[in-house]
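Visitor: Next come a sequence and a model predicted from it.
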Amino acid sequence: MAYNPAIHHRRSIRLKGFDYSQSAVYFVTLCCYQRECLFGTISQGETVLNELGMIVRNEWLRSFEIRDELKSDAWVIMPNHFHGLLWFDRPIMQTQSPSNESEPVDDSMLDKRLLRRPARSLGSVIAGFKAATTKRINQYRNAPGTPVWQRNYYESIVRDDRMLNHIRDYIENNPRSWSTDSLHPNNIPKNYPP
């Protein structure tokens, strides 16, 4: 079914007004397209990655090599989704002293700038990760243009150490609780949207 704005009401699930490029700790979840189990299996409470899961693993680790502002924490690749904790450590930017002359603004560009994803933000990191994994996975399986990830992702801003430790435990134990996981194929309601 094609996108119809009259019936498809897409809205951001991000926290309104929050700057996702500032220093913070984020918990992200990305799901496979149609929750297909692409990345491996769970055996005896441990994730066993296949070739596609190894691509996801390698690209996640690569994210921290190419982006100085990111620090890794706990993460797990599940058969049909991914959980990770990301630390953004952004230096405080020095502002320029105000000048007497104001810079002219091209009004035709205002809307485009508001719609773009800010560079070095959580959104740009996730978009880059999803694009890189999709490209490599589709090259591997010789399936150009095939979706790998569902649209968007889920995130939480980690507010304190208690929440951070709770999420770390959740990530560590996720493979052991796979059979009861809400994203396990047997547990997803049939009418649940992809």
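Guide: That came through fine.
Visitor: The closest residue to Asn174 other than its chain neighbours: neighbour count?
Guide: If the residues on either side of it in the chain are set aside, Asn174 comes closest to Val76, at 5.2 Å by Cβ to Cβ, 6 or more residues apart in numbering. Every C-beta, even on glycine, is put in place using the N, C-alpha and C of the backbone. Counted by other Cβ atoms under 10 Å, the residues lying close to Val76 total 15.
Visitor: and if you look at Arg176?
Guide: 13.
Visitor: again, but for Tyr153
Guide: 20.
Visitor: Can you tell me the SS state at the residue nearest to Asn174?
Guide: Three-state call for Val76 (DSSP: H, G, I helix; E, B strand; the rest coil): strand.
Visitor: quick one: it from Ser121, how far?
Guide: Val76 sits at a distance of 23 Å from Ser121 (criterion: Cβ to Cβ, to the nearest Å).
Visitor: Then Trp149?
Guide: In terms of Cβ to Cβ, Trp149 sits 18 Å off from Ser121.
Visitor: Those two: which has the busier surroundings?
Guide: Comparing Trp149 with Ser121 by other Cβ under 10 Å, the one with more neighbours is Trp149, at 21 against 16.
Visitor: got the contact list for that one?
Guide: By Cβ atoms under 8 Å, 6 or more residues apart in numbering, Trp149 lies in contact with 30-33, 130, 133-134.
Visitor: Poorly predicted segments of this structure, please.
Guide: 1-22, 90-119, 189-194 (pLDDT under 70).
Visitor: where do the strands sit along it?
Guide: For the chain, applying DSSP state E gives strands covering 24-31, 40-43, 46-49, 70-77, 81-88, 154-157.
Visitor: Give me the residues contacting the fourth one.
Guide: Contact partners of strand 70-77, identified using Cβ under 8 Å, 6+ apart, comprise 25, 39-40, 47, 49, 53, 56-57, 60-61, 63-64, 82-89, 125, 167-168, 171-172, 174-175.
Visitor: now do 6 Å
Guide: 39, 47, 53, 56, 64, 83-85, 87, 89, 168, 171, 174 (Cβ atoms under 6 Å, 6 or more residues apart in numbering).
Visitor: Now restrict these to buried residues only.
Guide: 39, 47, 53, 56, 83-85, 87, 171, 174 (16 or more other Cβ atoms under 10 Å).
Visitor: How about the spatially most central residue of the chain, nearest residue that isn't a chain neighbour?
Guide: The structure's the chain has its C-alpha centroid closest to Ile126; by Cα atoms, centre = their mean the separation is 4.2 Å. Closest residue to Ile126 apart from its sequence neighbours, by Cβ to Cβ, 6+ apart: Tyr153 at 5.3 Å.
Visitor: now the one you found: how far from Glu46?
Guide: Taking Cβ to Cβ, one finds Tyr153 at 24 Å from Glu46.
Visitor: And for Tyr33?
Guide: Taken as Cβ to Cβ, the span from Tyr33 to Glu46 is 25 Å.
Visitor: Which of the two has more residues huddled nearby?
Guide: Using other Cβ under 10 Å as the criterion, Tyr33 and Glu46 rank with Tyr33 on top: 15 against 11.
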